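>>> Could you work out the structure for the sequence below:
(chains A and B)
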Amino acid sequence: DAGVIQSPRHEVTEMGQEVTLRCKPISGHNSLFWYRQTMMRGLELLIYFNNNVPIDDSGMPEDRFSAKMPNASFSTLKIQPSEPRDSAVYFCASSFTGLRNTIYFGEGSWLTVV
Amino acid sequence: DAKTTQPPSMDCAEGRAANLPCNHSTISGNEYVYWYRQIHSQGPQYIIHGLKNNETNEMASLIITEDRKSSTLILPHATLRDTAVYYCIVRPSSGNTGKLIFGQGTTLQVKP
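Predicted structure coming up:
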């Protein structure tokens, strides 16, 4: 039974380049979350989708960040243009909708912007 | 704006029980307590959750005080593979989001 699948697992890019991170949630799940983890700030929620609709994007740091969920099985987090301070591990997570349903995390995308 | 307080680090001897405390004195009556852990370089892993009653599963036990202001996660026989950061999270139970807000967690070091 596949879990949350993220790609790429590792990416190194130059400042100013566009970065696209991808996520395939667990089949049947209809809530999707994007988190970012850094040493300084820990795990931060960036954005949350329910039934493909963004519900809470208050954690998105600035306009350079955007997230989409065109269908129930795919989501992207895009950074354009990227900056060195965007270097972090980005986690995607999914669950069934409902406050008692367990949220499952992917293994993360390790991004380094040089 | 995590609503929990945990010690930053703890040690435990291999084979002994690991008891990880969490303070959540401002918890609301219908908010759940969730525990996740994060092993180095991996995504957070769900462990257990509870509302009022104590809970047990194959990974751990969760003891919630009667006033619900604190809880303890118990790993009955810790192994070296249990070395990780453990997060205690109070999950909102109202509104249209089930998001998890992570604090700094407790780094548990299991020693041989």
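>>> Now for the nearest residue to residue B:5 once chain neighbours are set aside: which residues touch it?
Computed as CB to CB, 6 or more residues apart in numbering or on different chains, the closest residue to residue B:5 that is not its neighbour in sequence is residue B:23, at 4.2 Å. For the C-beta atoms, the positions are set from N, CA and C on the backbone; glycine is no exception. Shown in contact with residue B:23 (CB atoms under 8 Å, 6 or more residues apart in numbering or on different chains): B:4, B:5, B:6, B:69, B:70.
>>> okay, now residue 69: neighbour count?
All of this is about chain A. Residue A:69 has 20 neighbouring residues, counting by other CB atoms under 10 Å in any protein chain shown.
>>> try again with chain B
13.
>>> Kindly report the same for residue B:51.
Neighbours around residue B:51, by other CB under 10 Å: 15.
>>> May I have the phi/psi pair for it?
phi -110, psi -60 (degrees, to the nearest 10).
>>> correct me, but it touches residue B:32?
Yes. The criterion here is CB atoms under 8 Å, and residue B:51 meets it with residue B:32 at 5.4 Å.
>>> Can you check the pLDDT for residue 68?
Going with chain A. Listed pLDDT for residue A:68 reads 97.
>>> wrong one, I was asking about chain B
93.
>>> Chain A: strands as residue ranges?
Using DSSP state E, the strands of chain A run over A:5-7, A:10-13, A:19-24, A:31-38, A:42-50, A:53-56, A:65-71, A:74-79, A:88-95, A:104-105, A:109-113.
>>> Distance to residue B:84 for these - can I get that in TSV?
Formatted as TSV, the strands of chain A follow (distance: least, CB to CB, whole Å):
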stretch	distance to residue B:84
strand A:5-7	20
strand A:10-13	21
strand A:19-24	23
strand A:31-38	14
strand A:42-50	13
strand A:53-56	28
strand A:65-71	28
strand A:74-79	25
strand A:88-95	15
strand A:104-105	13
strand A:109-113	18
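>>> Serialize the ones you listed to TSV and add fields for distance to chain B.
Listed next are those as TSV, based on distance: least, CB to the nearest CB, whole Å:
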stretch	distance to chain B
strand A:5-7	8
strand A:10-13	11
strand A:19-24	11
strand A:31-38	7
strand A:42-50	4
strand A:53-56	5
strand A:65-71	14
strand A:74-79	15
strand A:88-95	5
strand A:104-105	4
strand A:109-113	8
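>>> then stretch B:35-49 to PDB, C-alphas only?
What follows is stretch B:35-49, C-alpha atoms only, in PDB (Å, rounded to 0.1, in the frame of the first residue of the first chain):
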ATOM      1  CA  TRP B  35       1.800  12.100  19.100                       C
ATOM      2  CA  TYR B  36       4.100  11.900  16.100                       C
ATOM      3  CA  ARG B  37       7.700  11.100  15.900                       C
ATOM      4  CA  GLN B  38      10.400  12.000  13.300                       C
ATOM      5  CA  ILE B  39      13.400   9.800  12.900                       C
ATOM      6  CA  HIS B  40      16.300  11.600  11.300                       C
ATOM      7  CA  SER B  41      15.900  12.300   7.600                       C
ATOM      8  CA  GLN B  42      12.400  10.900   7.500                       C
ATOM      9  CA  GLY B  43       8.900  12.300   7.500                       C
ATOM     10  CA  PRO B  44       6.900  12.500  10.700                       C
ATOM     11  CA  GLN B  45       5.300   9.200  11.700                       C
ATOM     12  CA  TYR B  46       2.000   8.900  13.500                       C
ATOM     13  CA  ILE B  47       2.100   7.100  16.800                       C
ATOM     14  CA  ILE B  48      -1.100   7.500  18.700                       C
ATOM     15  CA  HIS B  49      -3.900   9.900  19.700                       C
END
